[in-house]
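Trainee: Could you look at this predicted model? Sequence included:
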Number of protein chains: 2
Amino acid sequence: MFRRLLTLGEAQEIIRREISLEPLSVEGVTLSKAFNRVLATDMVSSLDIPPFNRSTVDGYAVRAKDTFRARENRPSKLEICGKANAGETSGAAVKKGTSVEIVTGAPIPSGADAVVMIEDTDLHAHALDVYSPVSKWENIMKAGSDIRRGETMLKEGTLLHSAEIGILAAAGIANVRVYTVPRVAVLSTGREVVRPGRKLLPGKIYDTNAYGLSAAIAESGGKSVNLGVVTDAMGVIQNAVRKGLASADLVVTSGGVSVGPKDLMPTVLNSLGKPGVIVSGIAIKPGKPVTIALIDGKMVFSLPGHPTSALLVFHLIVQPVIRAMAGREPDESIWIKAFMATRVFAAKGRRTFVMVRLNRDKQNRLMAEPVPTGLSGAITTLARADGFVEIGEKEQFIDAGEEVKVRLLTAKPVNRICDLHQSELA
Amino acid sequence: MFRRLLTLGEAQEIIRREISLEPLSVEGVTLSKAFNRVLATDMVSSLDIPPFNRSTVDGYAVRAKDTFRARENRPSKLEICGKANAGETSGAAVKKGTSVEIVTGAPIPSGADAVVMIEDTDLHAHALDVYSPVSKWENIMKAGSDIRRGETMLKEGTLLHSAEIGILAAAGIANVRVYTVPRVAVLSTGREVVRPGRKLLPGKIYDTNAYGLSAAIAESGGKSVNLGVVTDAMGVIQNAVRKGLASADLVVTSGGVSVGPKDLMPTVLNSLGKPGVIVSGIAIKPGKPVTIALIDGKMVFSLPGHPTSALLVFHLIVQPVIRAMAGREPDESIWIKAFMATRVFAAKGRRTFVMVRLNRDKQNRLMAEPVPTGLSGAITTLARADGFVEIGEKEQFIDAGEEVKVRLLTAKPVNRICDLHQSELA
């Protein structure tokens, strides 16, 4: 009955081999809805930005040459021969000895090659006194100087935040092709599990995982579809997983993967399609009983029922898959160096993850203090932790005082870490 | 006509004095909609979690005392007197010399104080052989050991991510009180400005700011209301700002704040209510012409028209206000230490912000390279930058090779920075 468990690396290799970790598909969205989406194509500008030579100040468009001798006490004198407004092409042209009044953003009139700021001039009837010379192209933003027509503005795979959305708007783009958001079905199993908000009868507990996992899916760039809670019965679980496979790109279940008599999940998964279960347990702690199946091209991840185990396995294994399907970088983790506050032991032969909270000791060193896990059933563990430390499969423990790398939990508000650790980050 | 400009610190002090930087109001949402929202109240658990003593393994509930002599080669023998299922209270009770079969998650039957794992037993008809002793409470998660009834699970002000949502679910909470998301109206001004997607006539440019700012508002925890583009005419701008004040908690406009003849914004703002303009320009670069008004209790921020200036001023001044109204920490910035790649100059008497990109030099040092700004009209500047460096009001320059603190742009995907700078962060 004993089989060697797969290592985490082996399990990840199987996932990579069995399914293509590529973005799922592409859809069009309006620019107003494109925030936090990922570009599915390179974006090439069809126009120069700015589209024309623009004044960056209010003042007078001139030939730079005509101002070269201008001094505070001996202004150059120019005739004013017209006005250039923003939003239209001026009919006026600048010739030797003349200037055109111009406002910020207006196109530079023909003949002009610089703009004198209004602060450096005085106006006398139709004569302009210029007190300071300007060099060629001064106060002019040249056509195409920001982005040239035909230039690739943003590459496929770019996450669209404020600056990137601003760039697309500047190029007049109202619709963009982005990767579709992966749909992830979430199912909780267990006859003891009850939806929050309902009455809790003796022996029952509330469903933690569906809600925690749905939030983790959103953090990863996916969209969750909550399939609710089902009891531990073969047919009922089969139907629910089948529904998940039909309505989503990926299914995540929790509960029902230990070795007990009620743990029907592997049987269910093998009954639904080929090849069925491809990973049956991983040598990690917590999270050992995780089961991964591939059913007619779609993945099902069956996570342990214990909330901290479920969320940790989600972070390690499911999140990178969702991120890849969403066209995002597989991992955005931040690591921080710290010293282990107390000795922590590994589970023999398993890669062990120790949840830690970062705190200062009296010497102002950053210490990683293990968060008591309360038998990994504790949902408060993850909320109290800032991140986790790994102990390798072949290590037995990390000693107090040893330097460790803490992987921050992806969604932790950075501010607490920053307040505390600015010097480590800075 | 000359007035000393306010420093950034003075302007921020005026904002703090004039309006309360408190969360706006509170609303109820279902737990499924609570992701990324901020708790408006402390959350106290009305139940023990777990609600009862639970088995954490499949096996047999026993009196620990009855197993103390159990050894691999000399098992303790116990009678089996019943079964405990998950989801219900077992009628069976454990007495001296007896045990009750139990599955993971089931309530511990009365009389039992430990659970023997199934792997450490053998079953012979109704007799159980136990090969390994268990200590008191072994393999039991005690009622309330994760969260006690009456305990504050999460504090007011907590941002709800996966772990926090899991905790609320575990306590059976289906609805939570969260701070409302501030509504921020966005208005672009300028007769040269055209909405993306429309045809671009000569002299016109596309509206960059409304889209870039809307995304920046979402990044800050607000919700944008796009008021569109209006031309530079007193009555039209008045109506648009009035509409923004009526429909949102805050108004952000761009364009129309320089000293030119078309810059009607200060006049408009003073015409709409009391006290009107409270900050008229700040000694910063870029962003000097920013105008801030308070109109009957609501703030209007008029940002420069240049996209990089507009977004930078948004980051510096508007974002903290939106975050405070949303109940979030005012600032979540991360700073990174680097060396300035080239000498950069300050604008005289103004706090100067230099956009930089982080790169390695040949000695593997992290260098902050200024991103050419193309006269601050360039929208590509912010997208190319990883963050910015400040030069104080009284400094003249930062020299090449000087150590600087780079403030990362809030919404930059951390992965590029991480790939590059893991050692600085770690």
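Mentor: Thanks, I have it.
Trainee: doesn't A:Glu79 make contact with A:Leu128?
Mentor: Yes. A:Leu128 is in contact with A:Glu79 according to Cβ atoms under 8 Å; the separation is 7.5 Å. C-beta coordinates here come from the backbone N, C-alpha and C atoms, glycine included.
Trainee: before we move on, what SS does A:Ala240 have?
Mentor: Using DSSP: H, G, I helix; E, B strand; the rest coil, the structure places A:Ala240 in helix.
Trainee: what number of residues lie near it?
Mentor: Residues near A:Ala240, counting by other Cβ atoms under 10 Å in any protein chain shown, number 21.
Trainee: so when I look at A:Lys95, I'm seeing a strand, right?
Mentor: No. Using three-state DSSP, the assignment for A:Lys95 is coil, not a strand.
Trainee: Let me know the pLDDT of the closest residue to it other than its chain neighbours.
Mentor: The spatial neighbour of A:Lys95 that comes closest, neighbours along the chain excluded (Cβ to Cβ, 6 or more residues apart in numbering or on different chains), is A:Gly111 at 5.8 Å. pLDDT for A:Gly111: 96.
Trainee: list the contacts for A:Gly111?
Mentor: A:63, A:93-95 (Cβ atoms under 8 Å, 6 or more residues apart in numbering or on different chains).
Trainee: Over to A:Arg37?
Mentor: Each residue near A:Arg37 by Cβ under 8 Å, 6+ apart is listed here: A:29, A:159-160, A:176, A:178-179, A:181.
Trainee: Tell me the spacing between it and chain B.
Mentor: Distance from A:Arg37 to chain B, counting by Cβ to the nearest Cβ, to the nearest Å: 11 Å.
Trainee: Show residues contacting the host helix or strand of A:Ile15.
Mentor: Per DSSP states H and E, A:Ile15 falls inside helix A:8-18. Residues outside helix A:8-18 that contact it (Cβ under 8 Å, 6+ apart): A:6, A:21, A:275, A:278-279, A:282-284, A:292, A:294, A:299, A:316-317, A:320-321, A:351.
Trainee: Can you list which of these are found in helices?
Mentor: Judged by DSSP state H, helices contain the following of the contacts of helix A:8-18: A:320-321.
Trainee: just the contacts of helix A:8-18: which has the poorest pLDDT?
Mentor: A:Leu21 (85).
Trainee: Report the distance from the helix holding A:Ile15 to the chain centre.
Mentor: 24 Å (Cα atoms, centre = their mean, to the nearest Å).
Trainee: Find me the pLDDT at A:Phe388, would you?
Mentor: pLDDT for A:Phe388: 91.
Trainee: With A:Ala92 instead?
Mentor: Predicted confidence (pLDDT) for A:Ala92: 89.
Trainee: do the same with A:Gln238
Mentor: Predicted confidence (pLDDT) for A:Gln238: 95.
Trainee: Can you mark which positions in whichever helix or strand A:Thr253 is part of are buried?
Mentor: Assessed by DSSP H and E, A:Thr253 sits inside strand A:250-254. By neighbour count with 16 or more other Cβ atoms under 10 Å in any protein chain shown, strand A:250-254 contains the buried residues A:250-254.
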